[in-house]
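Enquirer: got a predicted structure here, sequence first:
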Amino acid sequence: MTDPKPSPPPPGTFTTRWSRIERLHDASADEAWRWFIDRYSPAIRAMLRRRLPAAAAAHAESEFWGYLYVSRAVANADRERRFRPYLAGVVRNFARAWWRRHAAAGQAAESAPVLASAGIDWEQEELRAWARHTLMLALEAMATDFPTQATVLRWFYGLPDQDGAGSALPVGEIAARLGKSIAAIHQDLTRGRLRLRSCLEAELREQSGTVADWRAEILLIVQSLASDRPGLIPS
């Protein structure tokens, strides 16, 4: 079995998820919204938690989806823009407006939100949240065809499972758990990292409108993940 290599990007404009996003307000809206919420709610939740106090973020999230539906903010988005920074901007504006509205009505019992804190690069925080979410989507996609390699990567790098738990395990313990040799685990790690990179690229391809956008997004996401999980995604 040869090691997987990332496939070259197709020329021209990519086929993106916009076709599914456009269905958020048509006859198949129920299915489209289930897909959208299932896929993006973890990243949106993380971004709101970085913008608002904990209790406020939970309340804001419950209102966010109604706002998204009524405003058509996603369905009316500029297709020429990258999806991640656009959605992050929607969340950012919603969080700011939500806080001001509830604070003015005397319903915000906590102190001023962290979005007013100095010295925090919120765009980097949002990028980090999105990078982690995209990594989980790529790992799930990889696990469909290569479940053992996905498990090895998850255990070795301490990636969270569906319950949010995760702690790094040494190669020897992974080998014992899976009944494999240490050499085989190292092989799984080498091949798995390359496959995960390919799955990550495929995930980002669907969030980008052009090859240039795709390459730029890969660079940002891989750089962000490198600080969280060094060595996980080959550069």
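Expert: Yes, it's here.
Enquirer: what segments of the chain are helices?
Expert: 18-21, 29-51, 54-71, 83-104, 122-145, 147-157, 171-178, 182-205, 211-228 (DSSP state H).
Enquirer: what's the fifth one packed up against?
Expert: Packed against helix 122-145, as judged by 3 or more Cβ pairs under 8 Å, 6 or more residues apart in numbering; DSSP states H and E, are the following elements: helix 29-51, helix 83-104, helix 147-157, helix 182-205, helix 211-228. Where you see a C-beta, it was placed from the backbone N, CA and C, and this is true even at glycine.
Enquirer: mean neighbour count, mean pLDDT and distance to residue 167 added to these, as TSV?
Expert: Output for these, formatted as TSV (neighbours: other Cβ atoms under 10 Å; pLDDT from 0 to 100; distance: least, Cβ to Cβ, whole Å):
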stretch	mean neighbour count	mean pLDDT	distance to residue 167
helix 29-51	17	85	20
helix 83-104	18	85	28
helix 147-157	20	96	9
helix 182-205	19	95	17
helix 211-228	17	90	15
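Enquirer: so which of the ones you listed is nearest residue 137?
Expert: helix 182-205 (5.2 Å; Cβ to Cβ).
Enquirer: send the alpha carbons of the closest one over as CSV?
Expert: Coordinates of the C-alpha atoms in helix 182-205 are reproduced here as CSV (Å, rounded to 0.1, in the frame of the first residue of the first chain):
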residue,chain,number,x,y,z
ILE,A,182,4.8,-0.7,17.7
ALA,A,183,6.2,-0.6,14.1
ALA,A,184,2.6,-1.0,12.8
ILE,A,185,1.4,1.9,14.9
HIS,A,186,4.2,4.1,13.6
GLN,A,187,3.1,3.2,10.1
ASP,A,188,-0.5,4.0,10.9
LEU,A,189,0.6,7.4,12.3
THR,A,190,2.7,8.2,9.1
ARG,A,191,-0.1,7.2,6.7
GLY,A,192,-2.8,8.6,8.9
ARG,A,193,-1.3,12.0,9.0
LEU,A,194,-1.1,12.2,5.3
ARG,A,195,-4.7,11.0,4.9
LEU,A,196,-5.9,13.4,7.5
ARG,A,197,-4.3,16.2,5.5
SER,A,198,-6.1,15.1,2.4
CYS,A,199,-9.4,15.0,4.2
LEU,A,200,-8.7,18.4,5.7
GLU,A,201,-8.0,19.8,2.2
ALA,A,202,-11.2,18.2,0.9
GLU,A,203,-13.3,19.8,3.7
LEU,A,204,-11.8,23.2,3.1
ARG,A,205,-12.3,22.8,-0.7
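Enquirer: between it and helix 83-104, how many degrees?
Expert: Angle, helix 182-205 to helix 83-104, by axes from the mean of the first three to the mean of the last three Cα atoms, to 10 degrees: 70 degrees.
Enquirer: does anything pack onto helix 182-205? Which helices or strands?
Expert: For helix 182-205, the packing partners by 3+ Cβ pairs under 8 Å, 6+ apart are helix 122-145, helix 147-157, helix 171-178, helix 211-228.
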